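Chemist: Pasted the sequence and its predicted model underneath.
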Amino acid sequence: MNNKTGCFLWNLRQFSTLVPASRRTVRLVDLLGFCRPKIVHPNRNPRNLFLNDFDNRVHSSIRYLFQNALTFKSGDEGFQTNGISTVTVPTVDRLLCPRRLSFDSKHFFVSVGTPDDGVKKINFHHEVSNEDVLINEAKPTPITYRRLSQECNSVSDVLDAFSKAPAFPSSNYFTAMWKIAKSMSEDQKHFEKQLMFNHPSFNQLCEQMIREAKIMHCDCLLFSLQAMVKLGIPQNTLLVQTLLRVVQERINECDEKCLSVLSAVLEAMEPCKNVDVLRAGLRMLVDQQVWKIEHVFTLQTVMKCIGKDAPIALKKKLEMKALRELDRFSILNSQRMFEVLAAMNHRSIVLLNECSKMVIDNIHGCPFKILLSILQSCKDLRYRNLDLFKGIADYVATTFDIWKLKQVLLLLILFETFGFRPIGLMDLFMKKVVDEPRFLNMKSTIAILHVYSSLNHFHKCQNKEFLDIMAGALTGYLHQISSENLLYAVCSFCLMNHFPLAAINQLLQKDIISELLTSDHVERNVHKLHLLDTCLELDDTPYHRSIDISLPQVLSAPVHPNTKVEEVLSSLLGGEGYFSKNVQLPHNYYIDFEIRMDANRSQVLPFSDVDGVLSATDTQRVGVLCVRRSSYCLDSTHPRGLLAMKMRHLNVMGFHVILVNTWEIEKLEMKDAVMFLKTKIYSTEALPTAEVNLQSTY
């Protein structure tokens, strides 16, 4: 113990012999300042003292909390504080500090102006026994955050309790304030937050929190920091930044509980220098302690916090730990795992597959928020699980009446990003829109048109009625819709072979076309305008007017080599003279291979004979399209909107369309591939073009 502290304690002992017994109940902890209710500093304005910008303040670390705290007068009953005026101090039972002053049970060491080796030993045990009896009789009830949250009804009540009898640790007050606030509505929270900042004791609580930061338990420190973040105390304040610095110094004291709290806190905070340093320290600590983590919830909280830029070795280690704990996963753990992996940007197929099975088996009763989070995480991770998607879609379709249409639409929007077409759910939603068109606003109308046109979904009985209702809803918003949204909506109608006149008339106005050609998304807008122009020319529409303004040329679609298909066709047809490859067509269409056949499609004709001898009526042009998986709906051969429209337009231009799935043809041996294409090309059944809507064929 240093000389100043020893001298202080000796003077305190001498002073107690002069003060009447009734005043000896003032404890050491009171004089040290841990429990004083109010301190008034002259020549100092405490207003907003701790809410100034951290970067603009120069402060030193708090090492000597009690240095120059008191100055005694000799020969007087009282004492004076150095520049501090005090009020009556409440009595407490003991020093509530994890780092206690060290002394043995019989003797107390103080220094009385002597060197450290000349320490004087004073017998202390018997002299204070009577005083201890008086103190124990007046022992107050300990103040905990649970007691505060039960006795107080608002955040201000907690601050009032602090002003009357401040007690160690200050973390109890912050934790109690957050526990009270989190049960309030958003408006109440905002109001209580303003009252908290304006409360006269708030700055004093912040000051005491800073003083106690280095000596309170690590879990109390972290709970305080979490409460401050949740209460909305600005992150760049001296208070928050000081606590971040202290946590950095004491991060090695964190146990599993502290790791969980620290991870949750860092996840909720914005990036800054101290947060980034603390996150890096957390990663190193987790790397050392990952195999010691016992609770799955703690493991997931840590995984979610380490960030997308964490070392891949650490991500792998956490993945292995999670796989080892799979048998202990609860339903909630499995549901949460999707969001956790997305937060760390780690695509663990094994973990995702196992968690998907548990989600499917326990899908009933799953809240909408969880379903949305799972699908959003799958999107972020580029993870497609048909069984999972079907399970969610079937569950929502089975319980369709309990869901809001807005909720179902959000799920359909996410399904569309995977190319997944839940037929039953989309039919129910279509019927609901027909029955309750008042649900449609401008935003939902555009979203519904996009989903149904992209997935090329229609209903045989209600398709016409559905499209008419959607066209009417769009017409009602023409006075307020933006040019780009109008273009997107009209193009969605074009993909579904439906043409609302009012919307097209407004879109084709010269000022709107000019606006689209000068926006920030010119290339995308030009592509959609060409699509509209093609539909107006090729489809059977009641609108016989093309776009007046000449449009810029769009880039040709990239040509993908189809070597395997070319070899198969050459072997089957007898040489390259019987087909043409990469054929460019009007309206920026192209086909991979073109074959000329007789009208009955029983014989392939060489291109030289067709050009010189036969007329167009005697030949059948066959277009072979090599199709990738993304052109179909997920795990099906149902063409998506753009492919269905291209097939429709190729039929108008006189082509018979054959689709060749590239991923399937690559797996076949040459003999099997030749037989497959022969069946496609020489089929005796003409593909239906009039009886069946091409949007649903193939």
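Modeler: Sure, I can see it.

Chemist: residue boundaries of the helices in the stretch 401-550 of the chain?
Modeler: With helices called from DSSP state H, counting those that start in this stretch, the stretch 401-550 of the chain shows them at 405-418, 423-435, 442-454, 463-476, 483-495, 501-507, 510-517, 522-538.

Chemist: I'd like those laid out as JSON lines, including mean pLDDT and mean neighbour count.
Modeler: Quick note: C-beta positions are derived from backbone N, CA and C, even for glycine. Shown next, in JSON lines, are the helices of the stretch 401-550 of the chain (pLDDT from 0 to 100; neighbours: other Cβ atoms under 10 Å):
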{"stretch": "helix 405-418", "mean pLDDT": "96", "mean neighbour count": "18"}
{"stretch": "helix 423-435", "mean pLDDT": "94", "mean neighbour count": "18"}
{"stretch": "helix 442-454", "mean pLDDT": "96", "mean neighbour count": "21"}
{"stretch": "helix 463-476", "mean pLDDT": "93", "mean neighbour count": "18"}
{"stretch": "helix 483-495", "mean pLDDT": "95", "mean neighbour count": "21"}
{"stretch": "helix 501-507", "mean pLDDT": "92", "mean neighbour count": "17"}
{"stretch": "helix 510-517", "mean pLDDT": "90", "mean neighbour count": "14"}
{"stretch": "helix 522-538", "mean pLDDT": "90", "mean neighbour count": "17"}
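
Chemist: Not counting its neighbours along the chain, what's nearest Y383?
Modeler: L352 (5.4 Å; Cβ to Cβ, 6 or more residues apart in numbering).

Chemist: quick one: which helix or strand includes the nearest residue to H346 once chain neighbours are set aside?
Modeler: Counting by Cβ to Cβ, 6+ apart, K315 is the residue found nearest to H346 once chain neighbours are left out, at 4.6 Å. Secondary structure assignment for K315, by DSSP states H and E: helix 312-324.

Chemist: hang on, the earlier thing: does the residue nearest to H346 touch R347 like I think?
Modeler: No - look at K315 against R347 with Cβ atoms under 8 Å: they stay out of range, at 10.1 Å.

Chemist: Looking at those two now, which is surrounded by more residues?
Modeler: K315 (19 against 12; other Cβ atoms under 10 Å).

Chemist: Strands of the chain, start to end?
Modeler: Along the chain, the stretches classed as strands by DSSP state E are 107-110, 120-123, 579-585, 589-598, 604-605, 619-627, 655-661.

Chemist: where do the helices sit along the stretch 551-698 of the chain?
Modeler: 563-573, 607-612, 641-652, 662-665, 670-681.

Chemist: tilt between the last one and helix 563-573?
Modeler: Right, helix 670-681. On the basis of axes from the mean of the first three to the mean of the last three Cα atoms, to 10 degrees, helix 670-681 is oriented at 70 degrees to helix 563-573.

Chemist: residues shared between the contacts of K315 and R347?
Modeler: Counting by Cβ atoms under 8 Å, 6 or more residues apart in numbering, K315 and R347 have no common neighbour.

Chemist: for the residue nearest to H346, what are its contacts?
Modeler: Counting by Cβ under 8 Å, 6+ apart, K315 has contacts I306, M344, H346.

Chemist: just checking, the first one touches L318?
Modeler: Yes - between I306 and L318 a contact is recorded at 7.5 Å, counting by Cβ under 8 Å.

Chemist: Next, show the common contact partners of those two.
Modeler: V286, M344.

Chemist: where in the protein is pLDDT low?
Modeler: 1-142, 543-549, 555-559, 609-617, 683-698 (pLDDT under 70).

Chemist: show me the contacts for the nearest residue to C491 once chain neighbours are set aside.
Modeler: Nearest non-adjacent residue to C491, counting by Cβ to Cβ, 6+ apart: K528, 4.8 Å away. Contact partners of K528, counting by Cβ under 8 Å, 6+ apart, are L487, Y488, C491.

Chemist: any chance of the residues you listed in a markdown table, plus distance to L410?
Modeler: Shown next, in a markdown table, are the contacts of K528 (distance: Cβ to Cβ, whole Å):
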| residue | distance to L410 |
| --- | --- |
| L487 | 23 |
| Y488 | 18 |
| C491 | 22 |
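
Chemist: Would you map the helices across the stretch 101-250 of the chain?
Modeler: Going by DSSP H, counting those that start in this stretch, the stretch 101-250 of the chain shows helices at 129-137, 145-151, 155-164, 171-181, 186-198, 202-212, 218-231, 238-249.

Chemist: mind checking which of the ones you listed is nearest D635?
Modeler: Between D635 and the helices of the stretch 101-250 of the chain, the shortest separation by Cβ to Cβ is 42.3 Å, and it involves helix 186-198.

Chemist: hmm, who's touching the closest one?
Modeler: Contacts for helix 186-198 (Cβ under 8 Å, 6+ apart): L51, S154, V155, S156, L159, M177, A181, M184, F202, L231, G232.

Chemist: how about it: buried residues?
Modeler: Buried residues in helix 186-198, counted by 16 or more other Cβ atoms under 10 Å: K189, E192, K193, M196.

Chemist: Redo those residues as a markdown table? Include distance to D387.
Modeler: Converted to a markdown table, the buried residues of helix 186-198 look like this (distance: Cβ to Cβ, whole Å):
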| residue | distance to D387 |
| --- | --- |
| K189 | 41 |
| E192 | 47 |
| K193 | 46 |
| M196 | 50 |
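
Chemist: Closest one to L326 out of those, please.
Modeler: K189 (38.3 Å).

Chemist: what about stretch 427-446, start to end distance?
Modeler: Start-to-end span of stretch 427-446 (Cα to Cα, to the nearest Å) is 18 Å.

Chemist: that older thread, I'd like the distance between the residue nearest to H346 and N345.
Modeler: 8 Å (Cβ to Cβ, to the nearest Å).

Chemist: re the thing from before, assess the claim that the residue nearest to Y383 and A342 are in contact.
Modeler: No - between L352 and A342 there is no contact under Cβ under 8 Å: 10.1 Å.

Chemist: any residues in contact with both of the two?
Modeler: Taking Cβ under 8 Å, 6+ apart as the criterion, L352 and A342 both touch L381.
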